[in-house]
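Predicted model and sequence follow; I will ask about them next.
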Amino acid sequence: MLSDEKGQWLNGDLLGLLCSKLLRVDSLAVPVSCNTAIEKSGLFKQVNRTKIGSPYVIAEFNELLVNSTRVAGFEANGGYLLASDISFNGQVISSLPTRDALLPALIVLAQPKSISNMLDELPQSFVASNRIKEFPTSKSKALLTKLGNDISLLTALYNLEPHQKVDVTDGLRVTLNNNDIVHLRPSGNAPELRCYAESSSLQNAQQIVIKALDFARNIAV
């Protein structure tokens, strides 16, 4: 975990994005739940999105290394994975394709700019998340199947924008017409339904999460 000079904690995906920018990484593998500021930044020639979990991120490295020499990946929890040896400030940082929590923090802290200034230079997209505990996996899957057949069950009921894109890489990730995102998936290691949302403000993202989880609690499946 790392905070800026104002005491605001950085989400792991934004920390990973800053680190990748400073290391001049050219291709990335990241879980599908990570902030789309990664692509919006225009800093990378290729971004591959995977299921959530470091083994899936690592599995993408071989493909990326075919056409790129500076390859990395990270997770929303802050774990950073370096697939290539990378030169930084005259020193070579050896590849370490396993979760490293220290590298991104050290790279960011070594910069003369404040963390808040570096964040301000990134596209402004905000992510929120939450979960429903004791939500059986079978119920989560039934819910996602029902929504997959008719997304408007969620969007119309809660006055969300109509949708423009659906991603089923890991659960059901819906991009709305205003580019907000709502993502529902069953946890891989507990009887929980997880929800992630992205919007142009943190408050909007939090409201989307509240609406989506309220919908999940009340719909009959």
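Noted; the coordinates are in hand.

who does the longest helix anywhere in the chain touch, helix- and strand-wise?
If you go by DSSP state H, the chain has its longest helix at helix 202-218. Judged by 3 or more Cβ pairs under 8 Å, 6 or more residues apart in numbering; DSSP states H and E, helix 202-218 is in contact with strand 126-132, helix 152-155, strand 181-186, strand 193-199. C-beta here means a position set from N, CA and C on the backbone, and glycine is covered the same way.

and it, which residues are buried?
Across helix 202-218, burial judged by 16 or more other Cβ atoms under 10 Å covers Asn204, Ala205, Gln206, Gln207, Ile208, Val209, Lys211, Ala212, Leu213, Phe215, Ala216.

One more: stretch 166-177?
So for stretch 166-177, counting by 16+ other Cβ under 10 Å, buried means Thr169, Asp170, Gly171, Leu172, Arg173, Val174, Thr175, Leu176.

of the buried residues of helix 202-218, closest to Phe61?
The shortest approach to Phe61 among the buried residues of helix 202-218 belongs to Ala205, at 29.7 Å (Cβ to Cβ).

wait, isn't that closest one in contact with Cys195?
No: when contacts are counted by Cβ atoms under 8 Å, Ala205 is not listed as touching Cys195 (10.4 Å).

Secondary structure element for the nearest residue to Cys34 once chain neighbours are set aside, which one?
Residue nearest to Cys34 in three dimensions, not counting chain neighbours: Asp13, with 4.1 Å by Cβ to Cβ, 6 or more residues apart in numbering. Assigned by DSSP states H and E, Asp13 belongs to helix 12-22.

Let me see the mean pLDDT of that helix.
Computed over helix 12-22, the mean pLDDT rounds to 95.

the helices in the chain, which residues?
12-22, 37-40, 54-59, 61-67, 102-109, 115-120, 137-149, 152-155, 202-218.

avg pLDDT for the last one?
Model confidence over helix 202-218, given as mean pLDDT, is 95.
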